[in-house]
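S.K.: Build me a model from this:
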Amino acid sequence: MRSDPHILPGDLAIKRTFQTLIGLLVATFFAVMWALFDTANSLVTQAVHAVFGDPGRPWKLPQLHLLLALPLGAVIVVFVRSVLGWKTFGLFTPMLLALAYLQSGPIAGPTISTAAILVGMIAAPLLRRLEMSRVAFLGTLIAIVVTALGALALQLDNLVLISAFPVVVTALVVERWWNAWESEGRKQAMRMTATTLVVALLIQGLVASPLLVALATDYPLAIPSSAILMMILLGRYQGLRLSELGRFHAAKEA
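M.R.: Just a heads-up that it's a prediction; the model follows:
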């Protein structure tokens, strides 16, 4: 018997798995932040360097590779939304966020951008108390995000992080998060933000993988051509999403 008739076992399993993943990501985030600003080479910093290498190192990928491999990011977003049933902030936001990561660095980019996004999330409810117009509210919120991102980048002496593109994309995520908060509620907005960040990390890892870099060097047009084919196939998928299968299976056995 279930203690709560409104919660199915499949929903509970998905929720606990998601909470565990979020906990691991939060712990990793704070460990990397510590390593980025630590000058004493503490145990946490040593562990981060052992797992990730130097967190401040930049990517060294050709611009042509980033352009040709970017359609694979769209494939991941389409797969996540159509097959897994996870909601993101549209199709382009995870792709643009991943591109900002690829321009900033594999570890420093996601960490600093996420920190700036969190600053914007904290500032948004406080700004609403000032009862400003929506345009002024969003403008002030974006300015706060840019200030936070710039302060972190200057502290790290990494001016790539405050170039136009990463700043615009980071501010865009905060704006999408607030729009989702107003239209769909706090929990859904936080869930969509987390999913968007995770998908962006997956896209970054795929685009920068050595196998894909080698493939792009030898057969550059094979990557976007394959992405077109995969998206056509995924676009024709009309079955249940993976998140729905867990709920229907639980309902069947109840």
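S.K.: Which residue comes closest to residue 180 once chain neighbours are left out?
M.R.: Counting by Cβ to Cβ, 6 or more residues apart in numbering, residue 180 lies nearest to residue 189, which is 3.9 Å off, once chain neighbours are set aside. Just so you know, the C-beta spots here come from the backbone N, C-alpha and C atoms, and that holds for glycine as well.
S.K.: is it true that the one you found touches residue 177?
M.R.: Yes: counting by Cβ atoms under 8 Å, residue 189 does reach residue 177; the two are 5.5 Å apart.
S.K.: what sits against residue 68?
M.R.: 216, 220, 221, 223, 224 (Cβ atoms under 8 Å, 6 or more residues apart in numbering).
S.K.: Show the model's pLDDT score for the third one.
M.R.: Among the per-residue scores, residue 221 shows a pLDDT of 86.
S.K.: How about it: what's its closest non-neighbour residue?
M.R.: residue 68 is the one closest to residue 221 (Cβ to Cβ, 6+ apart), at 7.4 Å.
S.K.: Which helix or which strand is home to the one you found?
M.R.: Element membership for residue 68 (DSSP states H and E) is helix 63-79.
S.K.: quick one: whichever helix or strand comes after that helix to helix 63-79, angle?
M.R.: Downstream of helix 63-79, the first helix or strand assigned by DSSP H and E is helix 92-104. If you take axes from the mean of the first three to the mean of the last three Cα atoms, to 10 degrees, helix 92-104 sits at 150 degrees to helix 63-79.
S.K.: Can you name every helix or strand that helix 92-104 contacts?
M.R.: With contacts taken as 3 or more Cβ pairs under 8 Å, 6 or more residues apart in numbering; DSSP states H and E, helix 92-104 sits against helix 63-79, helix 108-128, helix 164-184, helix 186-207.
S.K.: got the contact list for that helix?
M.R.: 58-59, 61, 66, 70, 73-74, 76-77, 88, 109-110, 112-113, 158, 160-161, 163, 165-166, 169-170, 172-173, 176, 196-197, 199-201, 203-204, 207-208.
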